[in-house]
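J.: take this sequence and fold it.
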Amino acid sequence: MYFLFLFQPILYSYFRSSASWRVRIVLALKGVDYEYKAVNLVKDGGQQHSEEFKALNPMEQVPAFVIGETALTQSLAIIDYLEDVYPKPAIVPEDPIKKAQARALAELIAAGTQPIQNLGVLQKVSDKPEERAEWGQFWIDKGFAAYEKMVQSTAGKYSVGDEITIADVCLVPQLYNAQRFKVDMTKFPTITRIIDALSELPAFKAADPGVQPDCPEELRKQ
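T.: Below you'll find the predicted structure:
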């Protein structure tokens, strides 16, 4: 609890970064006050490649979450920290089975789907927009198909029962990329129902890319 009282944390974020978005959701859910510092992933060749930012995260990725002189990286590690330091409301179930199910769904997105179609990977796949789109659509479709099947046995109102979990935190941002790559969401009715319910909650609205300080005016939500 020491850091709670001495430092206002800083989140280095990009408005439409899925990983940053996950952390913003958790910060909003837990009511944590923080400073937002934008890192534009495309401007000037990508500000994440600057020496200043590499000192915070040698992997050159957002988010980075700074408390005092300590920089935390990787969205799920940051979320674990927030869960430990700000335990209410909890986003990790106490029941061991539900906890494992929520973690598996979260990892399915955060490790098995999103990294394969993020900006750095797409830049290596092709310089042709149509080939990048085909790649992104394939991997998101594959990930969502697995998620849809898994939540048939875990879902209540949300992904695991009726309480928000880390699975939901990872799921919602992935829809943004699914829409960008024109994934057919009619194939995933349970996912769509869960996202629709979550998207009405204040914390999820507050974390949306369209209301972030670095969101371009033409994409900004009113």
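
J.: burial measure for residue 49, as a count.
T.: 12 (other CB atoms under 10 Å). No exception for glycine: its C-beta is placed from N, CA and C like everyone else's.

J.: try residue 199
T.: 12.

J.: which residue packs closest to it, ignoring adjacent ones?
T.: residue 172 (6.8 Å; CB to CB, 6 or more residues apart in numbering).

J.: now the one you found: how far from residue 107?
T.: 16 Å (CB to CB, to the nearest Å).

J.: these two - which one has more neighbours?
T.: residue 172 (22 against 15).

J.: hang on, isn't the more buried one packed against residue 24?
T.: No - if you go by CB atoms under 8 Å, residue 172 and residue 24 don't touch, sitting 10.6 Å apart.

J.: next, the residue nearest to residue 199: secondary structure please.
T.: For residue 172, the assignment made with DSSP: H, G, I helix; E, B strand; the rest coil gives helix.

J.: what's the answer for the one 5 residues further on, then?
T.: Under three-state DSSP, residue 177 falls in the helix class.

J.: residues contacting it?
T.: Counting by CB atoms under 8 Å, 6 or more residues apart in numbering, residue 177 touches 18, 114, 117, 136, 140.

J.: distance to residue 35 and neighbour count for these - can I get that in a markdown table?
T.: Below are these laid out as a markdown table (distance: CB to CB, whole Å; neighbours: other CB atoms under 10 Å):
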| residue | distance to residue 35 | neighbour count |
| --- | --- | --- |
| 18 | 21 | 24 |
| 114 | 25 | 23 |
| 117 | 30 | 24 |
| 136 | 32 | 22 |
| 140 | 32 | 24 |
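
J.: max pairwise distance over those: which two?
T.: Taking CB to CB, the two most distant members of these are 18 and 136; they sit 11.9 Å apart.

J.: give me the element the nearest residue to residue 81 once chain neighbours are set aside is part of.
T.: Among residues not flanking residue 81 along the chain, residue 72 sits closest, at 5.9 Å (CB to CB, 6+ apart). For residue 72, the host element (DSSP states H and E) is strand 70-73.
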